[in-house]
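Visitor: What would the 3D arrangement of this be:
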Amino acid sequence: MSRSSDKPERPRPLRRPMLIEKADRIHRLAVDPMEELERARRRAERRGFTVIDFTGADPDVLLPEGAPEPEGGGTLSSSAIRRAVAERFRAERGVRLDPEREILLLPHARDAFRLFALGFVDHGEVALLPDPGDPAYRAATTLAGGWPIGFPLHESRRHLPGLDRIEPEAARRARLLFIGYPARPLGAAPERPFYDELVRFARRNNIVVVQDATLAGAVAPGETPAGLLDHPEGRELGVEVHDLAPLFDCGGWRPGFAAGNREMLFAARTLLDRFPHPPLRTSLPLFRRVLDLPEEERRRVEALFRSRVDRVTEGLASLSWEVERPRAGHDLWVRVPQGTHSMRFASLLLRRAGVAVLPGALFGEFGHGHVLIRPNRDEASIDEALDRLRRMLPARRRVSEWFRRRRELLG
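Guide: Numbering: from 1, shown residues only. Okay, the predicted model is just below:
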């Protein structure tokens, strides 16, 4: 026997498992409810349904091809496009803007929410946001290290916030306030007196305001919804964010701009230059196509979506469902049966009818009693979806009875 065999075998050291701790913001980010609905979608497909999807964020109407680029790119400079945007603002609303310092072009308009959150909310500070409201506000605040605190938009107040009811401590700690008018997902559009109250609240608490006005271009012809910059003091304390073509599919881009307070736009521009996005000049031809879009084409597409909204509204009303007709945009905010959560109702529609809608819980705590329908499909798909609902769920009363019986069976 060798001498090495006489040595006692040394115990191997225990390996301690790696402890991977996620940042707190990961836990505070809302889980996408659509991930939880994937099982219901697969179940519907196994039953032979071709799912009719009313959840897509982008419209289904392609932006028309524009005129060929001029030699030398003369009108494709960002300065020329800013001047064209300022002229449109002046013509439509009578508001004069400095094209160089009061307008910031954005290849993706919704990037503005993240830019302003990063620019004005430090770690542990508060941003106030509407509930229900676009989930992008909450995500932007959380990624900036801030705390999002919602204020409710009750139907009894015509979906306007009770700013005087916001907790004084939350208002004191707040640095930024998001509002979304014309509102997504509610389609509401307040009158000018609301902005008097908003300006007083923001000035009293030293809060900057970011108005999401990306649906301002999706209103009925002849209507121009009021905005923060219509108020004489509006540009002193906030900005508006606009989408130049809200009713068109722009190939993955959402060309828009932010307008208003110069200091806020300077901060956003500083951050935008450091984002890993393609440079602005690559999207300038798209801006030109949008600005050169004939008014007749805009009106045609607006009429198309209005007809779809009417078709869905009338079809759901025939099933005794409660639907709010939007004043701006084409999203339909539909109340679910009493005692039913939006996630369960959206899952039911997928499993039993193969119709995909957005649960209102995605838009905040006060959205759980609704689902959102985006009629970004052609008329044949809308009629097919309504026919399925009519056969699978003949009336709102029947849906309520179905849930009641199910609760009784589950004890």
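
Visitor: ok, which stretches of the protein are strands?
Guide: 52-53, 103-106, 126-131, 147-152, 174-179, 208-212, 238-243, 256-260, 323-324, 332-335, 355-356, 358-359, 370-373 (DSSP state E).

Visitor: so can I have a markdown table of those strands showing distance to Leu271 and mean neighbour count?
Guide: In this view, the C-beta of every residue, glycine as well, is placed from N, C-alpha and C. What follows is the strands of the chain, written out as a markdown table (distance: least, CB to CB, whole Å; neighbours: other CB atoms under 10 Å):
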| stretch | distance to Leu271 | mean neighbour count |
| --- | --- | --- |
| strand 52-53 | 34 | 18 |
| strand 103-106 | 11 | 23 |
| strand 126-131 | 16 | 26 |
| strand 147-152 | 19 | 20 |
| strand 174-179 | 14 | 26 |
| strand 208-212 | 14 | 26 |
| strand 238-243 | 14 | 26 |
| strand 256-260 | 12 | 27 |
| strand 323-324 | 36 | 18 |
| strand 332-335 | 33 | 22 |
| strand 355-356 | 35 | 23 |
| strand 358-359 | 29 | 24 |
| strand 370-373 | 30 | 26 |
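
Visitor: Endpoints of stretch 57-65, how far apart?
Guide: Chord length of stretch 57-65, first to last residue, is 21 Å (CA to CA, to the nearest Å).

Visitor: And for stretch 279-298?
Guide: Terminal-residue distance, stretch 279-298 (CA to CA): 28 Å.

Visitor: Report the distance from stretch 223-237 to the chain centre.
Guide: Distance of stretch 223-237 from its chain centroid, counting by CA atoms, centre = their mean, to the nearest Å, is 21 Å.

Visitor: list the buried ones in it?
Guide: Neighbour counts using 16 or more other CB atoms under 10 Å place Pro225, Ala226, Gly227, Leu228, Leu229, His231, Gly234, Arg235, Leu237 of stretch 223-237 among the buried residues.

Visitor: Ok, stretch 188-205 next?
Guide: For stretch 188-205, by 16+ other CB under 10 Å, it's Ala188, Ala189, Pro190, Phe194, Tyr195, Leu198, Val199, Phe201, Ala202, Asn205.

Visitor: Output it as CSV, nothing but the C-alphas.
Guide: Output of stretch 188-205 as CSV, limited to C-alpha atoms (Å, rounded to 0.1, in the frame of the first residue of the first chain):
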residue,chain,number,x,y,z
ALA,A,188,-61.7,61.9,-21.5
ALA,A,189,-60.8,65.5,-22.4
PRO,A,190,-61.3,68.2,-19.8
GLU,A,191,-62.3,71.8,-20.5
ARG,A,192,-60.0,74.8,-19.9
PRO,A,193,-61.1,75.6,-16.3
PHE,A,194,-59.4,72.3,-15.2
TYR,A,195,-56.0,73.7,-16.1
ASP,A,196,-56.6,76.7,-13.8
GLU,A,197,-56.9,74.2,-10.9
LEU,A,198,-53.9,72.2,-12.1
VAL,A,199,-51.6,75.3,-12.4
ARG,A,200,-52.6,76.5,-8.9
PHE,A,201,-51.8,73.0,-7.4
ALA,A,202,-48.5,72.6,-9.2
ARG,A,203,-47.3,76.1,-8.3
ARG,A,204,-48.4,75.8,-4.7
ASN,A,205,-46.4,72.5,-4.3
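
Visitor: Now do it: distance to the chain's middle.
Guide: In terms of CA atoms, centre = their mean, the centre of stretch 188-205 is found 21 Å from the chain centre.

Visitor: swap in stretch 145-164?
Guide: Relative to its chain's centre, stretch 145-164 lies at 16 Å (CA atoms, centre = their mean).

Visitor: so where's the stretch 151-300 of the chain uncertain?
Guide: 221-222, 276-278 (pLDDT under 70).

Visitor: Helices of that one, start to end?
Guide: In chain order, the stretch 151-300 of the chain shows helices spanning 168-173, 192-205, 234-237, 262-272, 284-291, 295-317, with DSSP state H, counting those that start in this stretch as the criterion.

Visitor: From the contact counts, what lies against the longest one?
Guide: Looking back up the chat, that one is helix 295-317. The contact analysis (3 or more CB pairs under 8 Å, 6 or more residues apart in numbering; DSSP states H and E) places helix 295-317 against strand 323-324, strand 332-335, helix 379-392.

Visitor: So which residues make contact with the second one?
Guide: So that's strand 332-335. The set of residues external to strand 332-335 that reach it, using CB atoms under 8 Å, 6 or more residues apart in numbering, is 185-187, 309, 312-313, 316, 321-326, 357, 360, 369-375.

Visitor: By neighbour count, sort out the buried ones in these.
Guide: For those, buried by 16+ other CB under 10 Å: 185-187, 309, 312-313, 316, 321, 323-324, 326, 357, 360, 369-375.

Visitor: Figure out which of the helices and strands packed on helix 295-317 is closest to Ala259.
Guide: Closest to Ala259 of the helices and strands packed on helix 295-317, according to CB to CB: strand 332-335, at 27.7 Å.
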